[in-house]
Each structure stands twice: as structure tokens, then as C-alpha cells.
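**Student:** Need a 3D model of the following:
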Amino acid sequence: MPVYLPPISRRRFIAGSFAAATALALGPGCASTSTPKKPRAANTLVLISDTHIASDPDTVSRDVNMTDHFKTVSGEIMAWPESPDAVLINGDLAFNSGEPEDYAAVLRLLHPLREAGMPIHLNLGNHDHREHFWAAMPDSRSVPPHLPDRQAALVRTPTANWFMLDSLIRTLVTPGMLGDEQRAWLASALDANPDKPAIIMVHHQPGPLAPGKPPGNGLEDADLLFNVIRPRRQVKAWFFGHTHRWSVRQDESGIALINLPPTAYVFEAGQPSGWVHATMFDNGMRLELRCVDLSHPAQGQIAKLTWRTG
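**Tutor:** Okay, the predicted model is just below:
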């Protein structure tokens with residue numbers, strides 16, 4: 001699974017909140033949350049990607065202090081009128097090469113969210129280091145039995161099943177790959193859980209950033225992944241990061257493709273950095289973009305997704 005960080009204080013059990021599948025147990029206490037300090041909004045999630053946190057909080061890259069950006073995002077999340085069901089962070093947690101001190105800094109920055117009662121699920125990106133990541137959070141590590149070297153999980157919510165996948169080939173290798181075993185695991189897990197809409201979350205993008213653009217350094221086995229998810233009509237969306245862009249589009253089969261913005265720096269002038277507030281419904285999802293720079297023209301942009309049928 002992606003490492004699961006429970007809320008700091010666990011005082012009561014919330015029935016039905018992010019329970020693990022029997023074969024894909026999320027680990028001890030994953031269905032427990034602390035007593036919320038504010039009302040909990042059912043079926044809402046905070047979606048974050050590409051935090052690039054450095055051990056030194058004064059580190060700046062591309063004219064951005066990544067720690068300051070994350071603190072801004074965290075502060076807005078905690079100030080939101082209602083608490084989300086969970087926070088999903090989609091890779092590139094660490095600044096560059098995933099040093100142990102980077103993950104210590106990540107944990108410090110996540111502490112206020114956990115103390116506010118928010119469960120957190122962490123995915124891996126190409127700037128992460130799998131062993132350093134696991135070592136920083138040994139009590140939270142759990143992996144599917146047939147994928148001992150990968151972080152993959154089914155995270156259940158009342159309205160959708162989220163399949164969080166590990167596309168890290170090796171630290172600082174820019175493209176990503178799932179591999180035969182992980183795709184087979186996904187196919188089996190999808191077939192065993194057809195009851196709800198399925199959402200894929202993986203760090204790398206599926207292909208060109210836009211029609212006519214070159215493929216770039218995305219998921220190398222994206223076509224093979226599409227072969228798994230396109231015919232399984234319960235798969236409705238693929239969330240990814242990596243490109244440091246914000247976009248919402250559909251593929252030819254109707255699967256929504258959502259590029260989450262970075263909380264850190266952007267590669268292209270004019271792109272936003274920030275986070276996404278997601279509200280899930282039986283037949284779709286509402287996404288609200290929240291920018292670090294509140295004056296950004298995309299601040300508050302809303303995308304309404306309707307799931308493909310069949």
C-alpha cells in the first residue's frame with residue numbers, strides 16, 4: 001500500500017471510513033480516526049502531488065520555497081470549514097533524491113494535518129527513495145503479499161475504490177513503469193471489486209501532455225495499463241502528477257485524466273501550484289483547484305466529472 005499515516009489521536013471508530021479490503025489490508029488501525037475538531041464532510045478528499053520537501057526548510061528551487069508552499073497549503077486545508085475523509089499525496093514527496101532527512105521533514109510538515117484528525121495516504125514518485133521512505137515510517141509500511149517491493153493498495157471509500165499504484169523505477173530515473181506483476185495485481189483487484197467506480201492514482205502521466213505533444217517522460221507501460229482499465233468499465237478516472245501541470249481531460253474510452261498540480265514549483269510559467277479539493281458522488285466528482293497564489297487566474301476553478309457508463 002502507499003504508506004498510511006493515521007491521525008495522531010485515535011478516540012473513536014468511524015464505521016465505513018476507509019476500511020481495507022480483506023486481501024489488501026491497510027494495516028493496524030486504518031479504519032480508526034480521531035474525533036474531528038470540525039464537522040467531517042462525507043465523500044470529500046484532499047488531493048496533493050509533487051511536494052518536493054527538502055530537509056532544510058530554507059531550500060529554494062525554481063524561485064520557490066517548497067516548505068513554505070506546503071505550509072500554505074496545509075494551513076488552508078486545516079482552515080477549510082469541514083474536514084475531509086482523507087488526504088492522498090501522489091508522489092515526489094522528497095526534494096530530489098529522497099534522503100532520510102527529507103522524509104523526516106515530510107513527517108514534521110504532515111503532523112498538523114494528522115493532529116487535526118486527517119488520515120493520510122502517501123504514494124511514491126521518481127524523486128523518492130523507496131527504502132529511505134519505508135525506513136522513515138516503519139510502523140506504517142504494508143505491501144500486498146505478491147508485490148513485496150512495491151507500494152500498491154486498494155483504498156475504499158463509500159462511493160469509489162481508489163487503486164494507488166507505484167510507478168517508481170529507481171530514484172532519479174524520470175520515466176515510470178508499473179511492471180507485469182503490478183498490472184496483474186491491479187487486474188485481479190479490479191475484477192474482485194466491481195461494486196463501485198474505480199479510480200487509478202499513479203505518479204506518472206499516461207502519455208502526451210496534450211494532443212500532438214511528444215510523450216515525454218511518463219509511464220512507459222501506459223498502453224498496457226490502458227489495456228487493463230479500458231475494458232473494465234468500472235474504472236472512471238486516472239489521477240497523476242509528475243508534469244507539474246493542472247489539466248482535466250478524457251481519453252478515447254471516456255476515462256477522465258486528471259493532472260494534479262504541484263504544491264511545489266511549476267515547470268511552465270502560468271501553471272498553478274496548489275492542491276485539489278475533491279467531492280465524490282455516485283456518478284462523478286467535483287474538483288476544486290486551490291492555488292498557493294490566491295491571485296492566480298485558475299484559483300477556485302471547478303471541474304465537474306461525470307463517470308463513463310457501462
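**Student:** my read: His242 touches Leu124, true?
**Tutor:** No - contact between His242 and Leu124 fails when scored by CB atoms under 8 Å: they sit 11.4 Å apart. In this view, the C-beta of every residue, glycine as well, is placed from N, C-alpha and C.
**Student:** Name the residues contacting each of these two.
**Tutor:** Residues touching both His242 and Leu124 (CB atoms under 8 Å, 6 or more residues apart in numbering): Gly91, His203.
**Student:** What residues of stretch 190-206 count as buried?
**Tutor:** Within stretch 190-206, the residues that count as buried by 16 or more other CB atoms under 10 Å are 190, 193, 196-206.
**Student:** can you check stretch 272-284 too?
**Tutor:** Residues of stretch 272-284 classed as buried by neighbour count (16+ other CB under 10 Å): Pro272, Ser273, Gly274, Trp275, Val276, His277, Ala278, Thr279, Met280, Gly284.
**Student:** so the first one makes contact with Gln299?
**Tutor:** It stands for Pro272. Yes - look at Pro272 against Gln299 with CB under 8 Å: they come within range, at 7.4 Å.
**Student:** hang on, the earlier thing: ok, the buried residues of stretch 190-206 vs Ala303, which is closest?
**Tutor:** Nearest to Ala303 among the buried residues of stretch 190-206 is Ile199, at 14.4 Å by CB to CB.
**Student:** would that closest one count as being in a strand?
**Tutor:** Yes - the assignment for Ile199 (DSSP: H, G, I helix; E, B strand; the rest coil) places it in a strand.
**Student:** show me what contacts it?
**Tutor:** With contact set as CB under 8 Å, 6+ apart, Ile199 has these partners: Ala160, Asn161, Trp162, Phe163, Val235, Lys236, Ala237, Trp238, Phe239.
**Student:** try 7 Å
**Tutor:** When the contact criterion is CB atoms under 7 Å, 6 or more residues apart in numbering, the partners of Ile199 are Ala160, Trp162, Phe163, Lys236, Ala237, Phe239.
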